[in-house]
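Student: Sharing a sequence plus its predicted fold:
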Amino acid sequence: MKSLDRSLRSRPPTKRRRSPAAVANHRRLAARDARMRRFGYDASAGVKFVMAQALPLEGSVLEIGTGKGRFLSALAPRDASVTTLDISAEEQRYARLNIEYAGVKNRVQYVIGDAACLPWPDAAFDAIVTMNAIHHIPDFQRVLEEMRRVVKPGGKLVLADFSPRGFQIMARFHRSEGKIHECHRCDFSDLRKRLRDAGWTTRYRKGKMQELLVGWRPGVPVQSSKSNPVS
Ligand SMILES: C[S@@+](CC[C@H](N)C(=O)[O-])C[C@H]1O[C@@H](n2cnc3c(N)ncnc32)[C@H](O)[C@@H]1O
(Lines give C-alpha, C1' and ligand atoms only; values in the text may rest on other atoms or scores of the structure.)
Protein backbone atom coordinates (compact mmCIF):
# COMPACT_ATOMS: atom_id res chain seq x y z
CA MET A 1 0.00 0.00 0.00
CA LYS A 2 2.84 2.30 1.00
CA SER A 3 4.62 1.73 -2.30
CA LEU A 4 1.38 2.49 -4.17
CA ASP A 5 1.05 5.80 -2.26
CA ARG A 6 4.64 6.65 -3.12
CA SER A 7 4.09 5.87 -6.78
CA LEU A 8 1.00 8.09 -6.83
CA ARG A 9 2.89 10.91 -5.15
CA SER A 10 5.77 10.73 -7.57
CA ARG A 11 3.52 10.70 -10.65
CA PRO A 12 3.99 13.94 -12.60
CA PRO A 13 0.89 16.18 -12.67
CA THR A 14 -1.31 15.37 -15.66
CA LYS A 15 -1.05 18.04 -18.31
CA ARG A 16 -4.32 19.73 -19.20
CA ARG A 17 -5.23 18.98 -22.80
CA ARG A 18 -6.18 22.09 -24.71
CA SER A 19 -7.23 22.16 -28.32
CA PRO A 20 -5.01 24.10 -30.75
CA ALA A 21 -7.98 26.45 -31.30
CA ALA A 22 -8.17 27.22 -27.55
CA VAL A 23 -4.41 27.87 -27.40
CA ALA A 24 -4.53 30.15 -30.48
CA ASN A 25 -7.54 32.02 -29.05
CA HIS A 26 -5.73 32.50 -25.72
CA ARG A 27 -2.65 33.89 -27.48
CA ARG A 28 -4.79 36.35 -29.46
CA LEU A 29 -6.66 37.48 -26.35
CA ALA A 30 -3.47 37.79 -24.27
CA ALA A 31 -1.79 39.84 -27.02
CA ARG A 32 -4.82 42.15 -27.25
CA ASP A 33 -4.97 42.52 -23.46
CA ALA A 34 -1.25 43.38 -23.41
CA ARG A 35 -1.85 46.08 -26.05
CA MET A 36 -4.77 47.45 -24.00
CA ARG A 37 -2.51 47.57 -20.94
CA ARG A 38 -0.03 49.68 -22.87
CA PHE A 39 -2.87 52.14 -23.47
CA GLY A 40 -3.69 52.11 -19.75
CA TYR A 41 -6.56 49.61 -19.46
CA ASP A 42 -5.93 46.41 -17.51
CA ALA A 43 -8.73 43.98 -18.45
CA SER A 44 -8.06 41.49 -15.67
CA ALA A 45 -7.93 44.27 -13.04
CA GLY A 46 -11.30 45.44 -14.42
CA VAL A 47 -12.79 41.96 -14.03
CA LYS A 48 -11.40 41.69 -10.48
CA PHE A 49 -12.89 45.05 -9.52
CA VAL A 50 -16.35 44.18 -10.89
CA MET A 51 -16.30 40.69 -9.40
CA ALA A 52 -15.35 42.02 -5.95
CA GLN A 53 -18.35 44.35 -6.05
CA ALA A 54 -20.69 41.71 -7.48
CA LEU A 55 -20.02 38.97 -4.92
CA PRO A 56 -21.66 36.95 -3.55
CA LEU A 57 -23.03 35.35 -6.69
CA GLU A 58 -24.91 32.18 -5.89
CA GLY A 59 -27.72 30.06 -7.25
CA SER A 60 -28.60 30.75 -10.88
CA VAL A 61 -26.62 33.56 -12.50
CA LEU A 62 -27.21 35.05 -15.94
CA GLU A 63 -24.55 37.06 -17.73
CA ILE A 64 -25.63 39.48 -20.47
CA GLY A 65 -23.02 40.10 -23.18
CA THR A 66 -20.62 37.14 -23.12
CA GLY A 67 -18.13 38.82 -25.42
CA LYS A 68 -14.81 37.00 -25.50
CA GLY A 69 -15.50 35.61 -22.05
CA ARG A 70 -13.18 37.66 -19.84
CA PHE A 71 -15.74 38.14 -17.06
CA LEU A 72 -17.17 34.68 -17.75
CA SER A 73 -13.80 33.07 -17.00
CA ALA A 74 -13.99 34.57 -13.48
CA LEU A 75 -17.69 33.79 -13.07
CA ALA A 76 -17.79 30.23 -14.37
CA PRO A 77 -15.63 28.60 -11.66
CA ARG A 78 -17.85 29.99 -8.90
CA ASP A 79 -20.37 27.91 -7.02
CA ALA A 80 -23.30 28.97 -9.18
CA SER A 81 -25.18 27.74 -12.20
CA VAL A 82 -24.04 30.10 -14.95
CA THR A 83 -25.89 30.99 -18.15
CA THR A 84 -24.44 33.52 -20.57
CA LEU A 85 -26.23 35.27 -23.41
CA ASP A 86 -24.86 37.12 -26.41
CA ILE A 87 -26.35 38.27 -29.67
CA SER A 88 -23.20 37.19 -31.51
CA ALA A 89 -22.50 33.50 -32.09
CA GLU A 90 -18.96 34.39 -33.15
CA GLU A 91 -18.17 36.15 -29.85
CA GLN A 92 -19.54 33.18 -27.91
CA ARG A 93 -17.31 30.86 -29.90
CA TYR A 94 -14.28 32.83 -28.63
CA ALA A 95 -15.69 32.76 -25.10
CA ARG A 96 -16.09 28.96 -25.22
CA LEU A 97 -12.44 28.65 -26.27
CA ASN A 98 -11.43 30.99 -23.45
CA ILE A 99 -13.30 28.84 -20.93
CA GLU A 100 -11.80 25.68 -22.40
CA TYR A 101 -8.32 27.21 -22.08
CA ALA A 102 -9.00 28.16 -18.45
CA GLY A 103 -9.89 24.53 -17.78
CA VAL A 104 -13.14 25.41 -16.02
CA LYS A 105 -14.94 22.22 -15.09
CA ASN A 106 -18.36 23.73 -14.32
CA ARG A 107 -20.90 23.61 -17.09
CA VAL A 108 -21.84 26.96 -18.58
CA GLN A 109 -25.02 27.32 -20.62
CA TYR A 110 -24.41 29.40 -23.75
CA VAL A 111 -27.42 31.11 -25.28
CA ILE A 112 -27.51 33.19 -28.46
CA GLY A 113 -30.14 35.90 -28.26
CA ASP A 114 -31.05 39.54 -27.95
CA ALA A 115 -31.01 40.85 -24.39
CA ALA A 116 -33.96 43.07 -25.29
CA CYS A 117 -36.11 39.94 -25.43
CA LEU A 118 -34.86 37.39 -22.90
CA PRO A 119 -36.08 33.83 -23.51
CA TRP A 120 -36.87 33.06 -19.84
CA PRO A 121 -39.98 33.36 -17.69
CA ASP A 122 -40.29 35.98 -14.95
CA ALA A 123 -38.10 35.57 -11.85
CA ALA A 124 -35.86 32.90 -13.40
CA PHE A 125 -32.45 33.97 -11.98
CA ASP A 126 -30.96 34.80 -8.58
CA ALA A 127 -28.58 37.32 -10.13
CA ILE A 128 -27.90 38.96 -13.49
CA VAL A 129 -24.58 40.56 -14.36
CA THR A 130 -23.27 42.51 -17.29
CA MET A 131 -19.78 43.88 -17.80
CA ASN A 132 -18.69 46.28 -20.58
CA ALA A 133 -21.69 45.40 -22.76
CA ILE A 134 -24.14 48.20 -21.89
CA HIS A 135 -22.49 50.68 -24.28
CA HIS A 136 -22.92 48.20 -27.15
CA ILE A 137 -26.70 48.23 -26.70
CA PRO A 138 -28.57 51.19 -28.24
CA ASP A 139 -31.74 50.75 -26.15
CA PHE A 140 -30.40 49.63 -22.80
CA GLN A 141 -33.56 50.78 -20.98
CA ARG A 142 -35.44 48.01 -22.79
CA VAL A 143 -32.78 45.49 -21.73
CA LEU A 144 -32.95 46.77 -18.16
CA GLU A 145 -36.71 46.10 -18.14
CA GLU A 146 -36.02 42.55 -19.24
CA MET A 147 -33.33 42.06 -16.61
CA ARG A 148 -35.71 43.34 -13.93
CA ARG A 149 -38.36 40.93 -15.16
CA VAL A 150 -36.24 37.78 -15.06
CA VAL A 151 -34.46 38.38 -11.75
CA LYS A 152 -36.11 36.85 -8.66
CA PRO A 153 -37.55 38.97 -5.86
CA GLY A 154 -34.64 39.59 -3.48
CA GLY A 155 -32.21 38.88 -6.33
CA LYS A 156 -29.70 41.33 -7.73
CA LEU A 157 -28.55 43.03 -10.90
CA VAL A 158 -24.93 44.01 -11.44
CA LEU A 159 -24.53 46.63 -14.17
CA ALA A 160 -20.89 47.40 -14.96
CA ASP A 161 -19.33 49.42 -17.75
CA PHE A 162 -16.25 51.54 -18.39
CA SER A 163 -15.80 54.71 -16.36
CA PRO A 164 -15.37 57.99 -18.32
CA ARG A 165 -11.57 57.45 -18.09
CA GLY A 166 -12.00 53.85 -19.26
CA PHE A 167 -14.04 55.04 -22.26
CA GLN A 168 -11.33 57.58 -23.18
CA ILE A 169 -8.70 54.85 -23.15
CA MET A 170 -10.85 52.43 -25.15
CA ALA A 171 -11.57 55.14 -27.74
CA ARG A 172 -7.81 55.68 -28.22
CA PHE A 173 -7.18 51.94 -28.27
CA HIS A 174 -9.81 51.32 -30.96
CA ARG A 175 -8.57 54.29 -33.01
CA SER A 176 -5.09 52.72 -32.95
CA GLU A 177 -6.69 49.66 -34.59
CA GLY A 178 -8.38 51.87 -37.21
CA LYS A 179 -11.80 51.35 -35.62
CA ILE A 180 -14.37 53.44 -33.82
CA HIS A 181 -15.43 52.28 -30.38
CA GLU A 182 -19.17 51.69 -30.52
CA CYS A 183 -20.59 53.74 -27.70
CA HIS A 184 -24.15 54.13 -26.41
CA ARG A 185 -23.23 55.30 -22.95
CA CYS A 186 -25.76 55.10 -20.14
CA ASP A 187 -25.99 57.61 -17.34
CA PHE A 188 -25.52 55.56 -14.17
CA SER A 189 -27.33 58.11 -12.02
CA ASP A 190 -30.34 57.71 -14.32
CA LEU A 191 -30.15 53.90 -14.07
CA ARG A 192 -29.92 54.22 -10.31
CA LYS A 193 -32.91 56.57 -10.14
CA ARG A 194 -35.01 54.19 -12.23
CA LEU A 195 -34.27 51.29 -9.92
CA ARG A 196 -34.80 53.33 -6.75
CA ASP A 197 -38.09 54.73 -8.06
CA ALA A 198 -39.22 51.12 -8.50
CA GLY A 199 -38.35 50.36 -4.86
CA TRP A 200 -34.96 48.73 -5.46
CA THR A 201 -32.02 49.07 -3.09
CA THR A 202 -28.90 50.18 -4.92
CA ARG A 203 -25.17 50.57 -4.46
CA TYR A 204 -23.00 52.59 -6.85
CA ARG A 205 -19.23 52.26 -7.16
CA LYS A 206 -16.79 54.08 -9.39
CA GLY A 207 -13.31 52.69 -9.95
CA LYS A 208 -10.57 54.17 -12.12
CA MET A 209 -11.64 52.25 -15.21
CA GLN A 210 -15.06 50.81 -14.32
CA GLU A 211 -18.37 52.17 -13.12
CA LEU A 212 -20.84 49.85 -11.51
CA LEU A 213 -24.32 49.72 -10.05
CA VAL A 214 -25.68 46.86 -7.97
CA GLY A 215 -29.43 46.76 -7.49
CA TRP A 216 -31.48 44.43 -5.29
CA ARG A 217 -35.02 43.70 -6.37
CA PRO A 218 -37.52 44.25 -3.57
CA GLY A 219 -39.13 41.14 -2.18
CA VAL A 220 -38.27 38.13 -0.11
CA PRO A 221 -35.21 36.27 -1.38
CA VAL A 222 -36.19 32.88 -2.70
CA GLN A 223 -33.08 31.33 -1.17
CA SER A 224 -30.82 32.50 1.64
CA SER A 225 -28.57 35.26 0.41
CA LYS A 226 -25.36 36.50 1.98
CA SER A 227 -25.64 39.78 0.09
CA ASN A 228 -25.38 42.96 2.07
CA PRO A 229 -27.12 45.74 0.19
CA VAL A 230 -26.01 49.25 0.98
CA SER A 231 -28.23 52.10 -0.10
C1 LIG B 1 -17.38 44.07 -25.07
S2 LIG B 1 -18.36 42.67 -25.17
C3 LIG B 1 -18.64 42.22 -23.49
C4 LIG B 1 -17.40 41.84 -22.77
C5 LIG B 1 -17.56 40.63 -21.87
N6 LIG B 1 -18.58 40.82 -20.87
C7 LIG B 1 -16.25 40.28 -21.22
O8 LIG B 1 -16.11 40.41 -20.00
O9 LIG B 1 -15.32 39.84 -21.94
C10 LIG B 1 -20.00 43.21 -25.57
C11 LIG B 1 -20.87 42.08 -26.04
O12 LIG B 1 -22.23 42.51 -26.00
C13 LIG B 1 -22.89 41.82 -27.04
N14 LIG B 1 -24.18 42.45 -27.34
C15 LIG B 1 -24.42 43.63 -27.95
N16 LIG B 1 -25.74 43.86 -28.05
C17 LIG B 1 -26.37 42.80 -27.48
C18 LIG B 1 -27.74 42.45 -27.29
N19 LIG B 1 -28.74 43.24 -27.69
N20 LIG B 1 -28.02 41.28 -26.67
C21 LIG B 1 -27.02 40.47 -26.24
N22 LIG B 1 -25.71 40.75 -26.41
C23 LIG B 1 -25.38 41.90 -27.02
C24 LIG B 1 -21.90 41.88 -28.20
O25 LIG B 1 -22.17 40.90 -29.17
C26 LIG B 1 -20.57 41.68 -27.49
O27 LIG B 1 -20.16 40.34 -27.52
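Tutor: Cool, got the structure. All values derive from a computational prediction rather than experimental measurement. Numbering: from 1, shown residues only.
Student: Now Pro77. Its backbone dihedrals?
Tutor: Here is the backbone geometry of Pro77 (degrees, to the nearest 10): phi -70, psi -10.
Student: Could you verify my assumption that it touches Val108?
Tutor: No: under the criterion of CB atoms under 8 Å, Pro77 makes no contact with Val108, lying 10.1 Å away. Where you see a C-beta, it was placed from the backbone N, CA and C, and this is true even at glycine.
Student: who's more crowded, the two?
Tutor: Applying other CB atoms under 10 Å to Pro77 and Val108 shows that Val108 carries more neighbours, namely 19 against 15.
Student: Quick check: phi and psi at the more buried one.
Tutor: Dihedral angles for Val108 - degrees, to the nearest 10 - are phi -110, psi 140.
Student: Same check on Val111?
Tutor: According to degrees, to the nearest 10, Val111 has phi -130, psi 130.
Student: mind listing what the residue nearest in space to the middle of the chain touches?
Tutor: The centroid of the chain falls nearest to Phe71 when counting by CA atoms, centre = their mean (4.0 Å). Residues near Phe71 by CB atoms under 8 Å, 6 or more residues apart in numbering: Val47, Val50, Met51, Glu63, Val129, Met131, Asn132.
Student: ok, is the helix or strand hosting it in contact with the ligand or not?
Tutor: Here Phe71, judged by DSSP states H and E, is contained in helix 70-75. Yes: applying CB under 6 Å from any ligand atom, one finds helix 70-75 in contact with the ligand at Arg70, Phe71.
Student: Remind me what the lengthiest helix in the chain packs against, helices and strands.
Tutor: In the chain, taking DSSP state H as the definition, the longest helix is helix 20-39. Helices and strands touching helix 20-39, by 3 or more CB pairs under 8 Å, 6 or more residues apart in numbering; DSSP states H and E, are helix 43-54, helix 89-102, helix 164-176.
Student: Check what pLDDT whichever residue of the chain sits closest to the ligand gets.
Tutor: Going by CB to the nearest ligand atom, the ligand is nearest to Gly67 of the chain, at 2.6 Å. As predicted, Gly67 sits at a pLDDT of 98.
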